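A.B. asks: the following block contains a protein sequence and its predicted model.
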Amino acid sequence: MTFPTATTTTSPAPTTSAPRAAHRPDLQGLRGVAVLLVVAFHVWTDRVSGGVDVFFVLSAFLLTGSFLRRIENGRPLGIPGYWARTFARLLGPVAVMLLAVLAGMLAWYPPSRWAELLTQAWGSLFYTVNWVLGAQAVDYYAGNTAATTPLQHMWSLSVQGQVFLLWPLLLAGCAAAARWTGVRFRAVAWATFAVVFAGSLAWSAVATAAGPEAAYFSTLTRLWEFALGSLAALTLTTASRPRTAAPRAVVRPLGEVLGWAGLVAILATPFLAEPDTRFPGTVALAPTLGATAVLLGGALAPDARVGATRLLSTRPLQWFGDRAYGIYLWHWPLLITYLLLTARDTVPVPVGLGILAASVVLTQVTALLLTGWRALPGIRAGSGIRLIATALLVAVPLTGAHQYTLARDPSAGVERTAQNYPGAAVLREDIGEVPEVPIIPTDAEREHEWGDTGVHCDTEDVPAGIGDLGNCWVIEPDDGSSPERTLVVLGDSHAQQLLTPIHRVADANSWRVVSYLRNACRYTSESDNRDEECNEFNAATRQEALEADPDAIITIGTLSLAEAPHEKLVDGYEDGVTPFLDAGIPVVAFRDNPRFPFSMFACVETYGPDHDRCNPPRSESLLPANPLEEVAARHEDLHSIDLTDRLCTETTCPGVIGNIQVYMDLDHVTSTYGETLVPDVEVRVLRALGWDR
């Protein structure tokens with residue numbers, strides 16, 4: 001976060017329109033509370049603390065108050081000078097942290113993650129990393145795991161940096177509008193920030209509901225929090241004028257109540273918000289209004305004996321408030337690197353306290369380094385030169401590291417042959433020694449690993465109930481000849497991933513394959529456990545498949561689970577396939593592949609293919625027996641196919657087999673690995689349907 005000092009510059013000659021800015025030790029204490037909340041809930045929970053939102057309000061409150069006094073005193077705003085001073089002060093500690101993260105990246109982080117980290121480092125340097133994280137589809141709600149980047153926390157600094165560029169221009173615009181219209185500056189500024197508050201809050205609610213991951217990092221969904229701090233600054237400086245007629249007997253108790261109520265709201269936020277609560281939305285009103293109440297309470301009752309101001313002014317909170325910026329900068333990289341090196345999911349209390357202590361130590365070391373840096377000849381010349389020099393100090397090694405990653409191609413010269421990348425052939429024991437070559441597919445290739453579906457069906461041939469709710473794909477014989485057989489595939493993304501081997505088998509046997517697919521909608525009978533559109537889609541595909549009278553139907557009959565019992569039969573599956581069986585159409589039911597409570601792809605990228613975490617026990621991945629066998633035994637034309645022996649060994653379910661990443665996330669098999677399953681799928685489908693005779 002950015003933490004401008006709580007002590008603000010006073011005007012040389014206070015006037016009735018610009019009262020002297022009083023020292024507010026409670027603001028520094030509130031900063032201490034906020035940073036302790038952030039660290040505690042980052043280290044030990046997956047909840048949002050609300051501390052960042054408090055910082056947003058405080059930053060805008062101080063910035064607006066500073067410019068307000070300049071405007072009402074008739075002093076020059078000096079916006080370029082303000083930008084140079086502010087960013088020179090803020091970028092120094094960021095530069096030290098970025099250089100440390102760069103060194104840690106090269107020392108400990110897997111090369112597969114370097115490009116992502118370097119992109120985020122550039123974004124951190126230029127205060128745009130919040131947009132970088134949004135573009136990378138980073139899930140903030142995934143919490144503190146080793147797969148998280150050590151620079152993810154810099155999103156908030158980027159948002160604040162953008163506001164520090166925008167807010168002075170808004171205030172200058174308000175001052176100009178006040179001069180042109182003859183309206184008081186405060187009235188114009190109040191109206192401006194009220195509009196920003198209302199518009200941004202409304203957008204925040206809409207965007208958070210529609211796409212919470214992207215909304216979390218967006219500047220537009222956060223502007224209202226800064227606007228609230230600005231409105232507080234405009235209100236409090238007006239309310240603190242000597243002419244107030246409210247009796248002290250009323251003002252002080254009101255201030256005490258507001259102060260305590262605000263502090264309670266801030267402290268209660270992480271406990272009231274569930275882990276799946278989406279920020280910012282309207283939920284962030286709790287910590288932001290709480291911070292505003294503390295600001296107002298401190299202004300109305302600054303010397304109250306029992307007020308929250310007294311607690312916030314205590315030495316421990318002041319001490320942490322003084323170091324809040326550095327603690328915030330350092331705690332997250334330390335936390336994520338610890339999780340990476342230890343392969344842990346949780347942080348013991350002593351270790352968490354050690355991370356806090358190390359953050360404090362690094363804050364002090366950073367201050368010493370910057371003191372020496374500012375003393376260098378030329379650097380003392382001014383904030384602008386110091387800002388440019390600091391940016392170059394980081395940009396040069398980042399450029400070198402970036403060029404190194406571009407030049408470094410571990411797969412260069414390695415042919416993607418069956419000998420180098422045998423995949424499932426290792427489990428078929430078709431190959432002896434597996435060569436040491438880079439693992440594929442790479443992260444850059446992952447988006448293309450969703451299965452070889454063929455081409456889209458002609459629009460006019462797809463019923464509305466299917467085309468409007470899902471997708472239709474078709475695979476035809478390559479030579480344009482009439483197909484020997486026709487198969488229909490029904491299901492979701494797990495059926496789609498099977499299409500890579502099915503496509504190859506279809507090509508080899510001159511089959512036509514039509515697929516009706518809808519994400520997160522496994523084929524089954526109508527069920528209360530499915531949403532209405534999924535039930536409609538399944539009903540439409542069932543009717544279409546019955547009318548097509550194919551030679552066979554292919555489905556996924558089980559559902560793997562990340563937690564115990566790890567697997568179950570798809571709810572209503574038997575009823576769902578009965579219409580096909582009654583019509584004499586054989587059904588092939590594949591057993592689902594394992595599903596893990598974490599991204600297996602990220603696990604391999606983070607720890608390597610041999611780590612125990614990336615090779616979970618088979619007993620913790622699927623049930624000992626295939627649940628489909630019992631159902632298939634009741635129906636002559638229902639055939640169960642189990643590929644578990646080509647996805648798992650007898651004891652584990654590895655993330656990498658034969659130099660190929662088996663999974664592209666936590667439960668989808670890569671198309672690259674699917675290519676190596678072709679012999680197994682062909683033999684087992686032909687045998688199950690009796691087409692091998």
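C.D. replies: On my side now, so go ahead.

A.B. asks: number of residues surrounding the residue nearest to residue 308 when sequence neighbours are not counted?
C.D. replies: Distances taken as C-beta to C-beta, 6 or more residues apart in numbering put residue 259 closest to residue 308, at 3.4 Å, once the chain neighbours are dropped. To be clear about C-beta, it is placed using only N, CA and C from the backbone, and glycine gets the same treatment. Applying other C-beta atoms under 10 Å, we find 29 residues neighbouring residue 259.

A.B. asks: contacts only, for residue 259.
C.D. replies: 26, 293-294, 297-298, 301, 304, 307-309 (C-beta atoms under 8 Å, 6 or more residues apart in numbering).

A.B. asks: redo that, cut-off 7 Å
C.D. replies: 293-294, 297-298, 301, 307-309 (C-beta atoms under 7 Å, 6 or more residues apart in numbering).

A.B. asks: can you check residue 353 too?
C.D. replies: Contacts of residue 353 by C-beta under 7 Å, 6+ apart: none found.

A.B. asks: assign a three-state SS to it, would you?
C.D. replies: helix (DSSP: H, G, I helix; E, B strand; the rest coil).

A.B. asks: and the gap between it and residue 36?
C.D. replies: Applying C-beta to C-beta, to the nearest Å, the value for residue 353 to residue 36 is 12 Å.

A.B. asks: please identify the buried residues of the lowest-mean-pLDDT helix or strand in the chain?
C.D. replies: Using mean pLDDT, DSSP states H and E, the weakest-scoring helix or strand in the chain turns out to be helix 212-217, at a mean of 82. Of all the residues in helix 212-217, those buried under the rule 16 or more other C-beta atoms under 10 Å are 212-217.

A.B. asks: so which of those residues is the closest to residue 105?
C.D. replies: When the buried residues of helix 212-217 are ranked by distance to residue 105 (C-beta to C-beta), residue 217 comes first, at 21.2 Å.

A.B. asks: buried stuff in whatever helix or strand comes next after the least confident helix or strand of the chain?
C.D. replies: The first helix or strand that comes after helix 212-217 along the chain, using DSSP states H and E, is helix 223-239. By 16+ other C-beta under 10 Å, the buried positions in helix 223-239 come out as 223-237.

A.B. asks: can you list contacts of helix 223-239?
C.D. replies: 19, 53, 56-61, 64-65, 68, 163, 167, 186, 189-190, 193-194, 196-197, 200-201, 204, 284, 288, 292, 295-296, 299.

A.B. asks: what about the contacts of residue 259, which one has the most neighbours?
C.D. replies: residue 294 leads the contacts of residue 259 on contacts (other C-beta under 10 Å) with 31 neighbours.

A.B. asks: where does the protein have low pLDDT?
C.D. replies: Within the chain, the segments meeting pLDDT under 70 span 1-22, 137-147, 237-249, 274-277, 279, 378-381, 408-412.

A.B. asks: care to break it down by domain?
C.D. replies: As assigned by automatic domain parsing, the chain contains the domains 25-402, 440-598+624-648+670-689.

A.B. asks: so how far does the shortest one reach from one end to the other?
C.D. replies: One end of domain 440-598+624-648+670-689 to the other measures 33 Å (C-alpha to C-alpha, to the nearest Å).

A.B. asks: centre of the chain to it, how far?
C.D. replies: Distance of domain 440-598+624-648+670-689 from the chain centroid (C-alpha atoms, centre = their mean, to the nearest Å) equals 31 Å.

A.B. asks: please apply the same query to stretch 284-301.
C.D. replies: What separates the centre of stretch 284-301 from the centre of its chain is 29 Å, taken as C-alpha atoms, centre = their mean.

A.B. asks: for that stretch, which outside residues touch it?
C.D. replies: 24, 26, 30, 50, 53-54, 57-58, 61, 225, 228, 232, 236, 239-240, 251-252, 254-256, 258-259, 261-263, 265-266, 269, 272, 307-309.

A.B. asks: ok, how many other residues are close to residue 169?
C.D. replies: Residues near residue 169, counting by other C-beta under 10 Å: 11.

A.B. asks: buried ones in the single longest helix found in the chain?
C.D. replies: Criterion DSSP state H: the longest helix present in the chain is helix 79-108. Buried residues in helix 79-108, counted by 16+ other C-beta under 10 Å: 82-102, 104-105.

A.B. asks: can you show me the strands along the chain?
C.D. replies: 455-456, 471-475, 485-491, 511-517, 552-556, 558-560, 567-569, 587-590, 638-641, 656-657, 660-661 (DSSP state E).

A.B. asks: re the thing from before, with distance to residue 500 added, can I get the buried residues of helix 212-217 in TSV?
C.D. replies: What follows is these, written out as TSV (distance: C-beta to C-beta, whole Å):
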residue	distance to residue 500
212	32
213	28
214	30
215	34
216	34
217	34
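
A.B. asks: and of these, the nearest to residue 604?
C.D. replies: residue 213 (22.7 Å).

A.B. asks: so who does residue 638 touch?
C.D. replies: Contacts for residue 638 (C-beta under 7 Å, 6+ apart) come out as 577, 581, 587, 589, 631-632.
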